[in-house]
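S.K.: Model the structure of this input:
(4 chains)
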2 protein chains.
Amino acid sequence: MKEIKSRSNCPVSYTLDFLGDKWSLLIIRDIMVYEKPTYGEFLCSDEKIATNILANRLEMLEENGFITKKVSPDKKNKFNFSLTEKAIALVPLIMEMAIWGSRFNPPGLDPELMDSLNEDKEGTIIALQEKLRSALQK
Amino acid sequence: MKEIKSRSNCPVSYTLDFLGDKWSLLIIRDIMVYEKPTYGEFLCSDEKIATNILANRLEMLEENGFITKKVSPDKKNKFNFSLTEKAIALVPLIMEMAIWGSRFNPPGLDPELMDSLNEDKEGTIIALQEKLRSALQK
DNA sequence: ATTTTTGCTTGCAACTTACAAGCAAACAAA
DNA sequence: TTTGTTTGCTTGTAAGTTGCAAGCAAAAAT
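M.R.: Residues are numbered from 1 along each chain as shown, chains lettered A, B, ... in the order given. Predicted coordinates for the structure are as follows:
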């Protein structure tokens, strides 16, 4: 995989250097929000990512420390991807994307999560992060 | 400009449909944070966007209601771009990008803004949004 | 033993990007 | 007033990226 080069010192630009494309954050979303952590599940998400692009992005996300890949406990030809702390730290960013997206394209998916965010954003974010961190223990 | 198609109903995906690339949010950042609202200033930002890509993204951002273009009060061959409410609503998202970027690539630029965010995120965001809205009145 | 599941890799056409050069209206200076 | 400069683009082209379809191999299920 080609190394990612920083275009500048700006932190917004740095974030976009890694995550500024149409697919990387959707893979992270699948693990983070929809609890779908496998290649096959990423493939059949609504957005329909191409299989070569998926493989490429998984490689990039792993190489850059966003996700880790583990053999599934039940099947040796299946892998579970999980989020590292670096990706768990993206929860607030992804929640803001969900909030903006729901506002300008209502109602958006997952009304439960949206209601929870509207009622207590900070609390919802922290709860999700704690849940993801506890999943890492297992 | 080619119309943007939604890939799904997911609000995160919807946000990425418009803003999931390396450049669009940097243009918005230039207006939002660095108060640089002209073609020439976008061009010479640190990230060095190509001139055809810049023209293409400005067209897309205008067509989709993120920015408006007005002739500069002093020169008729110069234009000032300003943010619509739809883009001002991206302040929380861009601030989260800055926070994440600074954390994983410290210290990040603009320590004043970062300090302010660390001290009072909500207040910093609201103050910036109010400032941008008041600029629209002029 | 054969088929299915799972996670890829490969080939290729279409599209997008990056870089360089060119261009025209507005303005500024001589 | 004419000559040069600023400003905001457009065009051409090579290189890179994406999307689609097909193929492949290890592991699991039948």
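S.K.: Could you pull up the mean pLDDT of stretch A:44-56?
M.R.: In this model, stretch A:44-56 has a mean pLDDT of 98.
S.K.: Mind exporting the C-alpha coordinates of it to PDB?
M.R.: C-alpha atoms of stretch A:44-56 as PDB (Å, rounded to 0.1, in the frame of the first residue of the first chain):
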ATOM      1  CA  CYS A  44     -23.300  -6.000   1.300                       C
ATOM      2  CA  SER A  45     -23.800  -2.700   3.000                       C
ATOM      3  CA  ASP A  46     -26.300  -0.400   1.200                       C
ATOM      4  CA  GLU A  47     -23.700   1.600  -0.500                       C
ATOM      5  CA  LYS A  48     -22.300  -1.400  -2.400                       C
ATOM      6  CA  ILE A  49     -18.500  -1.000  -2.300                       C
ATOM      7  CA  ALA A  50     -16.500  -2.800  -4.900                       C
ATOM      8  CA  THR A  51     -14.600  -5.700  -3.600                       C
ATOM      9  CA  ASN A  52     -11.100  -4.500  -4.800                       C
ATOM     10  CA  ILE A  53     -11.800  -1.100  -3.200                       C
ATOM     11  CA  LEU A  54     -12.800  -2.800   0.000                       C
ATOM     12  CA  ALA A  55      -9.700  -4.900   0.200                       C
ATOM     13  CA  ASN A  56      -7.600  -1.800  -0.500                       C
END
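S.K.: Show me the residue at the heart of chain A, geometrically.
M.R.: A:Ile28 (1.4 Å; CA atoms, centre = their mean).
S.K.: for that residue, what are its contacts?
M.R.: Contact analysis of A:Ile28 by CB atoms under 8 Å, 6 or more residues apart in numbering or on different chains lists A:Leu61, A:Phe66, A:Ile67, A:Leu83, A:Ala87, A:Leu90, A:Ile94. From N, CA and C alone the C-beta is placed, and that goes for glycine too.
S.K.: Quick check: phi and psi on the last one?
M.R.: Its backbone dihedrals place A:Ile94 at phi -70, psi -40, with angles given as degrees, to the nearest 10.
S.K.: Could I get the full set of strands for chain A?
M.R.: Applying DSSP state E to chain A gives strands spanning A:67-71, A:79-83.
S.K.: before we move on, back to that, what subset of the contacts of A:Ile28 is also close to chain B?
M.R.: A:Leu90, A:Ile94 (CB under 8 Å from any CB of the partner chain).
S.K.: where are the low-confidence patches of chain A?
M.R.: A:137-138 (pLDDT under 70).
S.K.: Can you say which of the strands of chain A is nearest to B:Gln129?
M.R.: Checking these against B:Gln129 by CB to CB gives strand A:79-83 as the closest, at 30.0 Å.
S.K.: Quick check: buried residues in the closest one?
M.R.: For strand A:79-83, a neighbour-count test (16 or more other CB atoms under 10 Å in any protein chain shown) marks A:Phe79, A:Phe81, A:Ser82, A:Leu83 as buried.
S.K.: repeat for stretch A:80-99
M.R.: Across stretch A:80-99, burial judged by 16+ other CB under 10 Å covers A:81-84, A:86-99.
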